[in-house]
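> Whatever this is, show me its structure:
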Amino acid sequence: MTLKSNAPIPLEYIQTVIGHHLDGTITALEPVEGGNFSSAFSFRIGERDYIIRFNSSEEAYEHEVYLSSLLHPQGVPYPQVFGKGRKDGFTYCISQRAAGKIVANLKPEQKSALLPDLIRVIAMMNQVDLRGASGYGFLGKDNNGQFASWEAFVRSFFSEEQTGTFWEGWYRYFHTTCLEKDVFDECYARLLEHCRYNAPHRHFVHHDCHAWNILSDGQSITGIIDGNCIYGDFLIDIATIESAFPGIDLAERFRLHYERIGFEVPDFQERLTGARYFKGIDGMRFYAMMGWEDAYKQLRDRLLAL
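A predicted model of the protein is given here:
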């Protein structure tokens, strides 16, 4: 995955790509704000609303058809996919546009009102039937996880020696950004210590389950989009979304929800801590790479205080 280019994508090109997959007159074609990796445009054909996303990476959106066919039939509001391909240096994906607004843009009282449905939908997503898929970590071309164990995935994800991944060569940020090696080493040691709690649990994990990737019409959750999906402990998604609701113990709300529906979550606190380290370390290096020093320092201090 690569950061998106700032070069504009011609509208004529977009219309041509859409025409390869959908029939009808294209109206209301306009760019959609947000997203560090993809350039997106909304459009309408007849009474249906769509999104088309573009990324320069050949591997972009490679699992979107699988994810749509896995999640949508099981009741998760993940957009249906209507076309995918590569043309003139861009990989593209055409999908249904979910109704509603990004939850991150809602007022605090609106977010609070959505909590019961948010928890219900995320819990349902995390517990979908994986249909025989195996392994841990990122999905391979066969839609199985690429690693035999959770710890093997963690060690690979944060290793210095990576080839062909988004984080190839990322150790240079210790020398060129605010990323601190001693802080990383301390948090990474704590993460490995907690791996034994997360390792036995294998579920579907969105892995980018933050408020910018969740949509609502103000009454309910209408869409979960742009997953960077892995197989692992579902508490990773809880550790991701909780920061969108400051002042609310969202993790405890999830724990009580699982208790009410009779789903046992052993070692909840230990697993949650492991999930916070996993997402936090990844967040620190991303903030450092982007030059977001204040966000880096806040996250660093939260992790060290765990």
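> Please list all residues in contact with the residue nearest to the spatial centre of the chain.
For the chain, the residue nearest the mean C-alpha position is residue 208 (1.9 Å; Cα atoms, centre = their mean). For residue 208, the contact set (Cβ atoms under 8 Å, 6 or more residues apart in numbering) comprises 226-228, 240. For the C-beta atoms, the positions are set from N, CA and C on the backbone; glycine is no exception.
> Am I right that it is in a helix?
No: applying DSSP: H, G, I helix; E, B strand; the rest coil, one finds residue 208 to be coil, outside a helix.
> mind checking pLDDT for it?
Predicted confidence (pLDDT) for residue 208: 95.
> Quickly note the distance from it to residue 163.
Distance of residue 208 to residue 163, given as Cβ to Cβ, to the nearest Å: 23 Å.
> can you map out the helices along the stretch 151-300 of the chain?
Secondary structure of the stretch 151-300 of the chain (DSSP state H, counting those that start in this stretch): helices located at 173-176, 181-198, 235-241, 250-260, 268-290, 293-304.
> Just the residues contacting the second one, thanks.
When contacts are defined by Cβ under 8 Å, 6+ apart, helix 181-198 is touched by residues 150-151, 154-155, 158, 174, 232-233, 235, 267, 270-271, 273-275, 277-278, 280-281, 284-285, 300, 303-304, 306.
> circling back to that earlier point, so which of the contacts of residue 208 is the most crowded?
residue 240 (25 neighbours; other Cβ atoms under 10 Å).
> check contacts around that one.
With contact taken as Cβ under 8 Å, 6+ apart, residue 240 is in contact with 206-210, 279.
> just curious, which of the residues you listed is nearest to residue 116?
residue 209 (16.7 Å; Cβ to Cβ).
> Was I right to think that closest one contacts residue 241?
Yes: between residue 209 and residue 241 there is a contact under Cβ atoms under 8 Å: 5.1 Å.
> Among those two, which residue is more densely surrounded?
Of the pair residue 209 and residue 241, residue 209 is the one with more neighbours under other Cβ under 10 Å, namely 26 against 21.
> contacting residues around the more buried one?
Contact analysis of residue 209 by Cβ under 8 Å, 6+ apart lists 122, 224, 227, 237, 240-241.
> Sort those residues by pLDDT and name the bottom one.
When the contacts of residue 209 are compared on pLDDT, residue 227 comes out lowest, with 87.
> which residues touch the nearest residue to residue 215 once chain neighbours are set aside?
Spatially, and ignoring its direct neighbours in sequence, residue 215 is nearest to residue 223 (3.7 Å; Cβ to Cβ, 6 or more residues apart in numbering). Applying Cβ under 8 Å, 6+ apart, one finds that residue 223 lies in contact with 77-79, 98-100, 214-215.
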